[in-house]
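Asker: predicted model and sequence below, questions to follow.
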Amino acid sequence: MGALIRMSSHDAYQTADDSQLVSATLEGHAEAFEVLVERYQRRLFGLVRNYTRNAAEVEDIVQDTFLKAFSRLETFQQSSAFYTWLYRIGVNTILDVMKRRGRNPVTAVEDPELVGRTGTGASDATQERLSIRPDARLEREEVGEITRSVMDELPEIFRTVLVMRELEQMAYQDIADTLEISIGTVESRLFRARARFKQKLLQLHPEFAAGQEAEARESTRADRQRRNSAKQADQKGARKAKP
């Protein structure tokens, strides 16, 4: 990394990148860490709210995450993304809280169904539509509430990867780095998590079954029309090619 740009005020740090802010904090400039807090606290609040609805608990977990990050800042590797490192601390803090509640943390659980599995089947886009966007006709607030209610019913091992991928839009590599697992394990957990989400969604909200069946019929009809159009175009081209 190039030489750190010296800055003397909170406002000046706003344009610095994460690596510069970390270096400035380690040199004793507390304002630099304040900027990191401002930069990422909203995302951390969003993450924690997927695990608990208790406002005081959310506040405590976010605060604890930043305190841990500050105290461990010397261990941060500048070659990695700061938010991935911070996110890992946040996830581990959440899982510690879940463990104290008597719920199994994802890092201590491995579903035997996942061993040796890889994420295959429908495309990510299709699975995301079925999982995170159960019905496009609903208001965004309704979709969010339904999503959270279904997420609450999932085991932590599945909820964590779904939150990271579908809600936080994290890359597979970042998820793997955060949870300290392989990309293959990320893919297999997501595959099973999406299936569990859809299953639980239809159990809790059976009204979506009819809508999904209608979408499937419409998709099949559209595919049939495309195939027929392609076949007709091929036949027309063949006739023109005849001498």
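Answerer: Looks like it came in fine. Numbers count the residues shown, from 1 in each chain.

Asker: correct me, but Glu187 touches Tyr172?
Answerer: Yes. If you go by C-beta atoms under 8 Å, Glu187 and Tyr172 touch, sitting 6.9 Å apart. C-beta here means a position set from N, CA and C on the backbone, and glycine is covered the same way.

Asker: neighbour-wise, which of these two wins?
Answerer: Glu187 (20 against 16; other C-beta atoms under 10 Å).

Asker: buried ones in the helix or strand hosting that one?
Answerer: Per DSSP states H and E: Glu187 is located in helix 183-204. For helix 183-204, a neighbour-count test (16 or more other C-beta atoms under 10 Å) marks 185-194, 196-198, 200-201 as buried.

Asker: how about stretch 42-56?
Answerer: Those buried within stretch 42-56 under the rule 16+ other C-beta under 10 Å are 44, 47-52.

Asker: could you do stretch 32-43 as well?
Answerer: 32-33, 35-37, 39-40.

Asker: turn those into CSV, columns for distance to Thr147.
Answerer: Below are the buried residues of stretch 32-43 laid out as CSV (distance: C-beta to C-beta, whole Å):
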residue, distance to Thr147
Ala32, 36
Phe33, 33
Val35, 31
Leu36, 29
Val37, 27
Arg39, 26
Tyr40, 23
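
Asker: can you lay out those as TSV showing secondary structure, pLDDT and distance to Ala56?
Answerer: Output for these, formatted as TSV (DSSP: H, G, I helix; E, B strand; the rest coil; pLDDT from 0 to 100; distance: C-beta to C-beta, whole Å):
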residue	secondary structure	pLDDT	distance to Ala56
Ala32	helix	92	28
Phe33	helix	94	24
Val35	helix	94	26
Leu36	helix	95	24
Val37	helix	95	19
Arg39	helix	94	24
Tyr40	helix	94	21
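
Asker: ok, which stretches of the protein are helices?
Answerer: 18-26, 30-49, 55-71, 82-100, 124-131, 140-151, 156-162, 172-179, 183-204, 207-241 (DSSP state H).

Asker: pretty sure Trp151 is touching Asn50, no?
Answerer: Actually, residue 151 is Met rather than Trp. Yes. Counting by C-beta under 8 Å, Asn50 is a contact partner of Met151 at 6.2 Å.
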